[in-house]
Structures are given as C-alpha cells and as structure tokens.
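In: Test case, fold it:
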Amino acid sequence: MSKKPSSSSSRYGVTNHNPVDGHVGKRIREARVLAGLTQTQLADALQITFQQVQKYERGANRVSASRLWDMAQVMGVEIGFFFDQMPSSVQQSSPRLHQKTKPDDSLEDSLTLAKDPIIRRESLELLRSYYLIKSPHLRKKIVKMIKSAGDDTGSAERQESTRSSG
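Out: Predicted coordinates for the structure are as follows:
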C-alpha cells in the first residue's frame, strides 16, 4: 500500500523552508539596525511581539506582503530593499522553480552570507552613523580617510618591495 502525500504542497515539492525568506529576514535586520531600532521597538510599532520580529529576521516565519509594507514604512526603506542584493544562488533555490540543488548548497550560501562584512552589526552601525553626518563634504573626507587607512597596509608593502628592488 503506497502512502499519499499529506498535502498539495508536499506533492509539488514546496517546503516551508525557502532561502528567499532567510534573505528577506537578513534584510529586515539590516533595515532595523540602520533605522536605529531594537527588535522591541520595531515590534511595538508593528503591534506584534519581539519574538515574532526575531522569527522574521531568522527567516523562520514568512512575512506577509502587508506586514512587509508596514515594516518598510516604519523603517523608512523602499519595499524593494528587502529583496535587493539577493544572491543568484538564493534566487535559484526557490523550490517553486522546481530546480534540483544539492542539500549542502543552502548551508554553503548561509555560511558565505554570514561571512559577508556588510551584515555585521559593526558595519551597519558604521553605515548608519555615516548617514547621520549632515555635511556631504565631511562625509567625503571620512570616506577618503577610511580608504587611506585601508590602503596603508598595501602601500607599506609596496614601499618595502620598492626599497628592496632599488
């Protein structure tokens, strides 16, 4: 006797885990931190619990279109922000595309995203602080200073190799 699928979603290969939900959750967190909000403050503004915000940010719960719209309004971002910078591997891993991927692919993508410096709290706080600076001239000077500090390591190495070859 063969077992019938318990629901139409399992029959079509649709699961409750979708990497797109994880990406949207990461972008919700980024927008929240950039807006300077805690999970509790965002939850209060949306009239939900902070635990629900945590689940959205982890990608454990899907976000409805109306809730995503409300989040965009509260955090001052365009609705497309939540889908921006989505890696092609995440776009292609949606089970609705009926593409077969290795189970390890989503784990590898998660590890790659975790190493991405832009999603680190430190980076988000730096970016948020940068945009609080009113003077465009001062912002340009700060960017130049940061680039210079980052180049110091490379220029020191270049100077050393120039001295030794000359």
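
In: What's the mean pLDDT across stretch 57-69?
Out: Average pLDDT, stretch 57-69: 94.

In: Give me the distance between the two termini of it.
Out: 15 Å (Cα to Cα, to the nearest Å).

In: list the buried ones in it?
Out: Buried residues in stretch 57-69, defined by neighbour count with 16 or more other Cβ atoms under 10 Å: 57, 59, 61, 63, 67-68. Any C-beta I mention is one placed from the backbone N, CA and C, and that applies to glycine too.

In: could these be laid out in a markdown table, adding secondary structure?
Out: What follows is the buried residues of stretch 57-69, written out as a markdown table (DSSP: H, G, I helix; E, B strand; the rest coil):
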| residue | secondary structure |
| --- | --- |
| Glu57 | helix |
| Gly59 | coil |
| Asn61 | coil |
| Val63 | coil |
| Arg67 | helix |
| Leu68 | helix |
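
In: Farthest-apart pair in the residues you listed, please.
Out: Pairwise distances across the buried residues of stretch 57-69 (Cβ to Cβ) peak at 14.0 Å, for the pair Gly59 and Arg67.

In: Low-confidence stretches in this protein?
Out: 1-16, 94-118, 153-166 (pLDDT under 70).

In: Go again with 80.
Out: Residues of the chain that meet the criterion pLDDT under 80 lie in 1-17, 93-121, 151-166.

In: Run through the helices of it in chain order.
Out: For the chain, the helices defined by DSSP state H cover 8-11, 19-34, 39-46, 50-58, 65-75, 88-92, 103-115, 121-132, 136-165.

In: Comparing the ones you listed, which comes out most buried?
Out: helix 19-34 (a mean of 21; mean count of other Cβ atoms under 10 Å).

In: Return the list of helices and strands in contact with that one.
Out: The contact analysis (3 or more Cβ pairs under 8 Å, 6 or more residues apart in numbering; DSSP states H and E) places helix 19-34 against helix 50-58, helix 65-75, helix 88-92, helix 103-115, helix 121-132.

In: how far away is Tyr131 from Ala31?
Out: 13 Å (Cβ to Cβ, to the nearest Å).

In: and the protein, what are its domains?
Out: Segmentation of the chain into domains, based on automatic domain parsing, reads 12-119, 133-166.

In: circling back: export the buried residues of stretch 57-69 to TSV and tack on distance to Phe82?
Out: Shown next, in TSV, are these (distance: Cβ to Cβ, whole Å):
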residue	distance to Phe82
Glu57	11
Gly59	12
Asn61	14
Val63	8
Arg67	11
Leu68	6
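
In: tell me which of those residues is nearest to Lys147?
Out: Glu57 (31.4 Å).
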